[in-house]
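Visitor: Sharing a model that was predicted from the sequence below.
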Amino acid sequence: MPVYGNLRRAGRGFAVAAAAGLLALSTAMPAAAATIPARTNLLSSDCPSTVKQGQLSGCVTELQTLLNFGGAALTVDGDFGPATTAAVQSYQTSKGLTSDGLVGPATKSALYYEDPTVAIDLRSLRCPVDLEPNENDGCVTELQNKLNAHGASLAVDHVLGTGTTNAVRTYQSSVGLPASGVVNPATKAKLYGDPAPQQPTDLGSGRYAAVVNFGEQATGQNIQYVWGGGHETDFGPSIGICDGYGGSITPCPADKEVGLDCSGFARWLYWRAGAGDIGQTTKDQVVNPRFTKVTAATAIPGDLVFFGGSAATVHHVGVYTGTVNGVAMMVNAPETASYVRDDTIASHSDLLGYYHLTG
């Protein structure tokens, strides 16, 4: 796992495009969902070059999910049957592709492409918490439109270049914000006329249930694992990094995609529950003096669960969510080509322990 992945930034997938700006309430994964193969990004090496009828896998789960985002009405079960073939053919026809029902490279790319000229609400999870220099997508299109509505004269080219950054600084100065040029939550709020964002209130003993609730909400928001995602000054999904990347999609897409890695996910959840910043990396978090190692018997939902041989070699973190039929569960951002999801703790073999935040 990274110290802190999908396509080019201008071509984010429907899976990310479907993420809502506000998290919808979801308290638990439906029991039936446990039998559905977990979504696997079609572009990863874990999926065959051609996904086709007769296959049963997480690649098919992903395909069905993406087709539904595009207007199909499939049962998402990971089983590529005749109905999925018909939906693929219909989609291929709509995109001018060969309508053969075979999901090869061209169809996969089309499923993940998003037109950067189409504006995206800056407050949604489809946009990084802080927009970044040279970002090229619909988030920047929206930003440029908003700035022009406030008096700028930008070419709307969906690229966050020097001219757009300077326009951001000018706008920030005009509304009494620090002229950093960073499109952060405070700047987004001003652009939309929303109240200024507030530091989350510490929920005290209620923070643990809140962490679980926020984590379970996230499983329904199509938040992808992105190497290095979630480590900006502000908290939340961000564009990742490629340093140290070892994921299953090549070349590395992380520095062009929005999402969270495992420690970025845990950091975001605890911040939302008012606990402040628990640390940037798994190594920072596991040695945070506010965390105390506890036994599995005394752990409560909302505690962190770390994996690795020792604090020095820890490589993954999840959030313990309790037991289902005696099986210990966690919610986490698992790995490149996956989405935030519920997993069994036993799905990782090198459990280091459970850690409880105090103070």
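Guide: Structure received. Numbering: from 1, shown residues only.
Visitor: In terms of residue numbering, what are the domains of this structure?
Guide: 22-112, 204-225+260-357 (automatic domain parsing).
Visitor: For the ones you listed, give me CSV that also has distance to G138, mean pLDDT and mean neighbour count.
Guide: No exception for glycine: its C-beta is placed from N, CA and C like everyone else's. Output for the domains of the chain, formatted as CSV (distance: least, CB to CB, whole Å; pLDDT from 0 to 100; neighbours: other CB atoms under 10 Å):
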stretch, distance to G138, mean pLDDT, mean neighbour count
domain 22-112, 14, 87, 17
domain 204-225+260-357, 16, 97, 20
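Visitor: Export the ones you listed to CSV and append columns for distance to C127.
Guide: Putting the domains of the chain into CSV (distance: least, CB to CB, whole Å) gives the following:
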stretch, distance to C127
domain 22-112, 13
domain 204-225+260-357, 13
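Visitor: between those, which one is nearest to V175?
Guide: domain 22-112 (23.7 Å; CB to CB).
Visitor: what distance separates that closest one from the middle of the whole chain?
Guide: In terms of CA atoms, centre = their mean, to the nearest Å, the gap separating the centre of domain 22-112 from the centre of its chain is 18 Å.
Visitor: what helix or strand is G259 on?
Guide: strand 258-259 (DSSP states H and E).
Visitor: average model confidence for that strand?
Guide: For strand 258-259, mean pLDDT is 96.
Visitor: Name the residues that touch that strand?
Guide: 5, 12, 16, 125-128, 223-226, 229-230, 237-240, 333 (CB atoms under 8 Å, 6 or more residues apart in numbering).
Visitor: Can you give the strand pairings for that strand, parallel or anti for each?
Guide: strand 238-239 (antiparallel) (DSSP bridges).
Visitor: Can you name the residues in contact with the partner strand?
Guide: With CB under 8 Å, 6+ apart, strand 238-239 has contacts from 9, 128-130, 132, 135, 226, 229-232, 254-260, 264.
Visitor: Let's see the PyMOL selection covering just the buried ones among the residues you listed.
Guide: Command for PyMOL that selects the buried part of those, burial taken from 16 or more other CB atoms under 10 Å:
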select buried, resi 9+128+129+130+132+135+226+229+230+231+232+254+255+256+257+258+259+260+264
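Visitor: Which of the contacts of strand 238-239 fall in strands?
Guide: V258, G259 (DSSP state E).
Visitor: hang on, isn't R267 packed against G236?
Guide: No. Taking contacts as CB atoms under 8 Å, R267 lies outside contact range of G236: 9.4 Å.
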